[in-house]
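[1] With the sequence up front, the predicted model follows.
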Amino acid sequence: MAAQPPSVQSFFQGSSPRPSPASKKSASSTIEPGDGFTAEEIDAVLHPKATASWTPDKDYEEVDIGSLVPGPQCVTFVGRVVNFYNQTSLSKMPRAAKGCVKVIYEDFVATQVSSRNWTCSDMVQVRLWYAKIDYHLRLGHLVSIWASHVSNGESGSLSVSSAPLLVSIFPERDRNCYLMVHENSDEGVQCKTPLGYRDGQQLAGLMTLSNFVDGGCDVANVKILVCVKSIGARKK
């Protein structure tokens, strides 16, 4: 008997059958599609950290806060955070700042203004604008600031008579300004002259916390030296 020619079915017997649409749907539902980025890489873009290195392309004059004058000038100064307030922006523009941290810095530098009188501290207002970088400032932080312009202060929640000048910086968009927090290099000595200190004189009104509780609170212009351990709402 003559051999039968191969059929079409026998030709496809060695190949696997094509999956049905239902099986395709079930298989795709078990696989989570990704965009090729890890969670750490996404967080680095959405919440970038302030760059630790910055090389200025101009010469900046090192000055005390009390030596600042309004006008365009490349200056750098050091101070400690004594007050700050975060204000968010409502602008929906893609290039707009997301908000600014209004900070008051004080340098606590004792300067002789006459043969008998000394001034001990000067303050300046700084508006730190941000878009993506989170600046984790706290009271007492020692900070260096580089700026290209100093303005007269404006009335506001943090505007005080002893901080008449304003410095506005946006390090993410302006290469001529920068902010550095000295967390690792702060030895706790610089900019630490007590408010109201006079060289060679005892600080008036200084008392311990126990003396303040026992009746010292009735004394005018009292000063207490304490260590702040935490800031927040009372638990009880």
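    Good, I have the coordinates.
[2] which stretches of this structure form strands?
    Remark: strands assigned in the chain by DSSP state E are 61-62, 71-88, 99-106, 111-112, 118-119, 123-130, 142-152, 165-169, 178-181, 206-207, 223-224.
[3] wait, doesn't Lys58 sit right on Asn176?
    Yes - counting by CB atoms under 8 Å, Lys58 does reach Asn176; the two are 6.7 Å apart. (Each C-beta comes from the backbone N, C-alpha and C, glycine too.)
[4] Between the two, which is the more surrounded one?
    Set side by side, Lys58 and Asn176 show more neighbours around Asn176, with 16 against 9, by other CB atoms under 10 Å.
[5] wait, the more buried one sits on Phe170?
    No - contact between Asn176 and Phe170 fails when scored by CB under 8 Å: they sit 9.8 Å apart.
[6] could the strands of the chain go into CSV alongside distance to Ser230 and mean neighbour count?
    Putting the strands of the chain into CSV (distance: least, CB to CB, whole Å; neighbours: other CB atoms under 10 Å) gives the following:
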stretch, distance to Ser230, mean neighbour count
strand 61-62, 34, 10
strand 71-88, 16, 16
strand 99-106, 20, 20
strand 111-112, 34, 12
strand 118-119, 32, 14
strand 123-130, 24, 22
strand 142-152, 20, 18
strand 165-169, 29, 20
strand 178-181, 20, 19
strand 206-207, 23, 14
strand 223-224, 17, 14
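[7] what residues are shared contacts of Lys58 and Asn176?
    Cys74, Ser148 (CB atoms under 8 Å, 6 or more residues apart in numbering).
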